[in-house]
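Generate a structure from the sequence data that follows.
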Amino acid sequence: MNKIYIEITKKENKFRETAKRYTTDKNEVDEVVQELFLYFLQMNANTLKKMYDTDGILGVTRYGCMIIKRNLTCKNNKYYYKIKKYYTRISSIYETDQTYEWLETSKRIENIPEELTIDNYYNLEIIDKELDKMYWYDRDVFKLYYYEGNTLDSLADKTKISRNSLFTTIKKVREELKRIINERKKK
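So this is what the prediction gives:
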């Protein structure tokens, strides 16, 4: 496996060139390439080895380029939720340019961790309390999906419940939790 990982790291420039087709932000290019390497490391070793044995490093490189494209263009993946959505939210809330004197002290970039942490803990407490009030099936499916990081397919395999049923349940719980959190924010 080490041979495969070494071959993959030699293709870093190819991955960077692919990322540059979809973004001009150097930091985002760096982030998406690093996420790709992490993806390969966390990928099932047998699947990666089979891909390498079948198509060689060219097949693995094509697969990596497809992952980069998906990460930079599609909003339904872990990269978007893990990095892009988070930093987009921060940059839209906080101003990093120190020339603006009208910014409140609490809205300066140095105070981001404190403020976001307090807000996130508050929302997590609400979610936990509301989940405890829900029907056991809805609560458990939601926790298996979000808290344990399962995909719909892996959850369907584990529980022997259809993927569509799981999707419907998770969507229903998510919408209910969003409604509850939004109502509390309005108060």
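
Got the domain ranges for this protein?
Following automatic domain parsing, the chain resolves into domains at 2-82, 108-186.

mean confidence for the shortest one?
Which is domain 108-186. The average pLDDT for domain 108-186 rounds to 79.

got a pLDDT number for residue 9?
90.

can you pull the contacts of it?
residue 37 (CB atoms under 8 Å, 6 or more residues apart in numbering). Heads up, the C-betas are built off the backbone N, CA and C, glycines and all.

in what helix or strand does it lie?
helix 2-10 (DSSP states H and E).

hmm, back to that, buried deepest among the domains of the chain, which one?
Most buried of the domains of the chain, by mean neighbour count (mean count of other CB atoms under 10 Å): domain 2-82, with a mean of 15.

Need the distance between the two termini of stretch 128-147.
11 Å (CA to CA, to the nearest Å).

Give me the helices and strands touching the top helix by length along the chain, please.
Criterion DSSP state H: the longest helix present in the chain is helix 45-73. On a contact count with 3 or more CB pairs under 8 Å, 6 or more residues apart in numbering; DSSP states H and E, helix 45-73 meets helix 2-10, helix 12-20, helix 26-42.

would you list the ones you listed in JSON lines and tack on distance to residue 170?
Formatted as JSON lines, these follow (distance: least, CB to CB, whole Å):
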{"stretch": "helix 2-10", "distance to residue 170": "33"}
{"stretch": "helix 12-20", "distance to residue 170": "31"}
{"stretch": "helix 26-42", "distance to residue 170": "23"}
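
Of those helices, give the one that comes closest to residue 123.
Of all the helices and strands packed on helix 45-73, it is helix 26-42 that lies closest to residue 123, at 25.0 Å by CB to CB.

so how far is the closest one from its chain's centroid?
Relative to its chain's centre, helix 26-42 lies at 12 Å (CA atoms, centre = their mean, to the nearest Å).

who does that helix touch, helix- and strand-wise?
Packed next to helix 26-42, using 3+ CB pairs under 8 Å, 6+ apart, are helix 2-10, helix 12-20, helix 45-73.
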